[in-house]
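[1] model this:
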Amino acid sequence: MDTKYFIKIAALLGSAALSAPSYSAIIGGYNISTDTVANELISASGSLTNNNLDWHYSGTDIAGQWESSYSGGNWEASSAPGEATDLSVSSYLANTTTINPTSLELGFSNSTINNGAGSDIVFYFLWDQTGNAANISINGFNDVALDIQDTGSVANGVSFYDTQTGTMTNNNNVELWAAAINLSEFGYSLGDTLDSSILINLDSESSTVMALSMVAGIEHVQAVPIPAAIWLFITGLLSLGFVSRRKG
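    Numbering: from 1, shown residues only. The predicted model follows:
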């Protein structure tokens, strides 16, 4: 066989290994991995809603505990809602026009997010966010307004309580909006690792709820080193090519 044939195969194998992507999902045009999703709702202030329940974090009624309100307006102690810290973009924690602005402190206990080239973290929102506002601060550094844009994508299976009909509705084709930030805006140097929680302030200033559905680290696709076994395989192919050429 022609040596050039083996060299071509080796080049293709090397190219495939070097360009292998490391992300696990593309949501709203951003590459994310499931282990970079914010998984901790550390604390909050103000009030919020998810589906048919309202929540608030009280420092007076039940200090240091979450409370959820059911029909009748009775507040009862409960565990923190996890809709903004799970792996589903269809669930959410929302601030509405009838509730005070909400602050959520989110953490990433199961991941390491690095400050790479370009954007590093993406915030996902449901429904049209025109007129709404969200600010972000990290480690007490800056209070940056998020630029929330329509991704052109949708979320399915989004449920909420319809106050007019008194029923739970399940919605598909809900608009998915997103905003991305670069950790360099918060004092991080290129290559630094996020070492703090994130504080996000939600303020619904329009007729649409301010619904935060998920926060995740953006995967920086990098060249993947070729494993030693592949190098041995490529070397073997090249050796066969030279032997074949010598015999010819």
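[2] so where's this protein shaky on pLDDT?
    1-23, 51-77, 97-99, 161-164, 166, 221-248 (pLDDT under 70).
[3] how near is Ser197 to Asn39?
    Look at Ser197 and Asn39: by C-beta to C-beta, to the nearest Å, they are 11 Å apart. C-betas here are computed from N, CA, C, even on glycine.
[4] OK, contacts around the closest residue to Asn156 other than its chain neighbours?
    In this structure, Asn156 finds its nearest non-sequential neighbour in Asn172, 4.2 Å apart by C-beta to C-beta, 6 or more residues apart in numbering. Residues counted as contacts of Asn172 (C-beta atoms under 8 Å, 6 or more residues apart in numbering) are 154, 156-158.
[5] let's see 10 Å
    90, 154-158 (C-beta atoms under 10 Å, 6 or more residues apart in numbering).
[6] same check on Asn170?
    90, 156-160.
[7] could you chop this structure up by domain?
    1-20+226-248, 23-223 (automatic domain parsing).
[8] which neighbours do Ser197 and Asn39 share?
    106-109.
[9] quick one: which of those is nearest to Tyr124?
    Nearest to Tyr124 among the shared contacts of Ser197 and Asn39, counting by C-beta to C-beta, is Leu106 at 12.4 Å.
[10] the closest one is in contact with Ala80, isn't it?
    No. Counting by C-beta atoms under 10 Å, Leu106 stays clear of Ala80, with 11.2 Å between them.
[11] tell me which of the two has more neighbours.
    Using other C-beta atoms under 10 Å as the criterion, Leu106 and Ala80 rank with Leu106 on top: 21 against 17.
[12] who's the more buried one bridged to?
    According to DSSP bridges, the partner residues bridging Leu106 are Leu41, Ile198.
[13] for Asp35, see how far away it is.
    Counting by C-beta to C-beta - Leu106 and Asp35 are separated by 15 Å.
[14] go on, Ala80?
    21 Å.
[15] if we can go back for a sec, among the contacts of Asn172, who's most crowded?
    Ala155 (26 neighbours).
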